[in-house]
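[1] got a predicted model here, sequence first, then my questions.
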Amino acid sequence: MQILLYLAIAFTVFCAVALLMAPMLLKPAPEVQRVLDVTASRITNKREIMGEQELREKLLALAHGLREKLGFGENAKLRERFIAAGMRDASTPDYFFAAQFLTPLVGAFAGSFIADNTLFWVLALAIAGYMIPDFWLTRQQGKRKERIRRSIPDAMDLLVICVDAGLGLDQALLRVGSELGLSHKDISQEFAQVNMAQRAGQPRIEAWQQLAARTKIDEFASFVSMLVQTDRFGTPLTKALSRFSEELRMKRRQHAEEQATKTKIKIIFPLVLCIFPCIFIVLLAPAILIVASGMKGMAGN
């Protein structure tokens with residue numbers, strides 16, 4: 001019986017090792033993998049795509065009809081929040097309404113399985129489920145705002161280079177937006193929006209003011225003020241852009257130094273609560289044990 005047990009253990013270990021080593025042993029050579037990638041079919045299944053699209057459209061139509069029947073029309077403030085989060089699709093309000101409608105039901109359903117104080121948990125989880133989409137939207141706004149703020153210095157440096165090369169501000173804005181399409185997608189979209197507004201006949205200052213109001217970033221508000229002063233006093237645009245870019249870089253450096261200074265204070269709490277007790281245990285525990293054993297021996301004598 002012991003032999004069978006040892007054989008079963010050995011077979012189990014062998015199978016586990018074989019499963020772990022199989023991806024590495026069965027992996028094709030780099031040359032073969034490159035040939036497989038090149039010759040792989042890139043044709044997508046149109047039936048699956050059409051089926052998914054039809055299902056999505058039906059769900060959106062159902063959510064839109066339910067939203068209209070319940071009287072939840074277009075909210076201007078909510079639409080501004082969607083735009084600030086980078087969600088410009090016309091179906092975004094329907095998705096958001098569906099999330100706000102379904103998550104409370106899911107929370108209430110999950111709370112019904114809690115045996116102790118079921119009614120409280122049903123109400124609490126339903127309220128939490130209703131608030132989760134709003135929290136998620138606020139978080140998306142903050143993330144996008146921070147990404148745009150980090151990309152502004154690079155965009156201003158490129159604007160300075162383009163204007164120095166002889167391009168006008170509008171042409172430079174279009175070129176910078178195309179150049180930043182991969183590295184900084186959010187600010188590229190905002191620049192494209194400004195360019196479209198100017199093509200539609202809106203004045204340059206108003207288009208930039210709308211950008212500042214839409215993103216709620218102080219750097220864009222300062223940029224609009226700089227453009228107004230440039231037009232009013234006749235200051236060369238290249239010099240104004242260069243100075244503004246240097247100020248942005250300096251503010252960014254100061255902000256980094258401020259955050260680095262705050263880490264000295266923030267690290268105190270992990271040190272006191274997590275690291276110092278471990279150090280005290282390692283250093284003092286042997287001495288305490290030795291003293292305790294010595295006192296026990298003295299008490300025994």
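    That came through fine. Residues are numbered from 1 along each chain as shown.

[2] number of residues surrounding T92?
    T92 has 16 neighbouring residues, counting by other Cβ atoms under 10 Å. The way it works is simple: take the backbone N, C-alpha and C, and place the C-beta from them, glycine included.

[3] check the spacing between it and G234 real quick.
    T92 sits at a distance of 44 Å from G234 (criterion: Cβ to Cβ, to the nearest Å).

[4] for Q198, same thing?
    21 Å.

[5] kindly report the same for I279.
    Relative to G234, and taking Cβ to Cβ, I279 is found at 66 Å.

[6] which of these two has more residues huddled nearby?
    Using other Cβ under 10 Å as the criterion, I279 and G234 rank with I279 on top: 10 against 7.

[7] quick one: average pLDDT of the longest helix along the chain?
    Ranked by residue count under DSSP state H, the longest helix found in the chain is helix 118-164. Mean pLDDT, helix 118-164: 87.

[8] now for it, which elements pack on it?
    helix 76-84, helix 92-111, helix 169-179, helix 185-199, helix 218-233, helix 237-266 (3 or more Cβ pairs under 8 Å, 6 or more residues apart in numbering; DSSP states H and E).

[9] let's have these in JSON lines, adding mean pLDDT.
    Shown next, in JSON lines, are the helices and strands packed on helix 118-164 (pLDDT from 0 to 100):
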{"stretch": "helix 76-84", "mean pLDDT": "80"}
{"stretch": "helix 92-111", "mean pLDDT": "81"}
{"stretch": "helix 169-179", "mean pLDDT": "85"}
{"stretch": "helix 185-199", "mean pLDDT": "86"}
{"stretch": "helix 218-233", "mean pLDDT": "82"}
{"stretch": "helix 237-266", "mean pLDDT": "83"}
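
[10] out of those, the one nearest T138 is which?
    Nearest to T138 among these is helix 76-84 (7.9 Å), distances taken as Cβ to Cβ.

[11] between helix 185-199 and the closest one, find me the angle.
    Inter-element angle recorded for helix 76-84 and helix 185-199: 120 degrees (by axes from the mean of the first three to the mean of the last three Cα atoms, to 10 degrees).

[12] list the buried residues for helix 76-84?
    By neighbour count on 16 or more other Cβ atoms under 10 Å, the buried set for helix 76-84 is 78, 81-82, 84.

[13] closest to S222 among these?
    The nearest one, if we look at the buried residues of helix 76-84 relative to S222 and count by Cβ to Cβ, is A84, at 18.7 Å.

[14] which residues are in contact with the closest residue to that closest one other than its chain neighbours?
    Among residues not flanking A84 along the chain, Q141 sits closest, at 4.9 Å (Cβ to Cβ, 6 or more residues apart in numbering). Each residue near Q141 by Cβ atoms under 8 Å, 6 or more residues apart in numbering is listed here: 81, 84-85.

[15] what of G177?
    So G177 contacts 187-188, 191-192, 195 (Cβ under 8 Å, 6+ apart).

[16] hmm, back to that, and the buried residues of helix 76-84, which is closest to A212?
    Distances from A212 to the buried residues of helix 76-84, taken by Cβ to Cβ, are shortest for A84, at 11.9 Å.

[17] was I right to think the closest one contacts I148?
    No: counting by Cβ atoms under 8 Å, I148 is not a contact partner of A84; they are 9.9 Å apart.

[18] overlap in contacts, these two.
    T215.

[19] could you check how far the closest residue to T118 other than its chain neighbours is from W121?
    Leaving aside its chain neighbours, T118 sits nearest to S112 (6.2 Å; criterion: Cβ to Cβ, 6+ apart). Distance from S112 to W121, counting by Cβ to Cβ: 8 Å.

[20] the more surrounded of those two?
    Using other Cβ under 10 Å, the more surrounded residue of S112 and W121 is W121, with 18 against 13.

[21] tell me the contacts of that one?
    111-112, 114.

[22] can you tell me how far it sits from E219?
    46 Å.

[23] swap in Q198?
    20 Å.

[24] ok, now E190?
    On the measure of Cβ to Cβ, E190 and E219 end up 12 Å apart.

[25] and A99, by the same measure?
    A99 is 32 Å from E219, by Cβ to Cβ.
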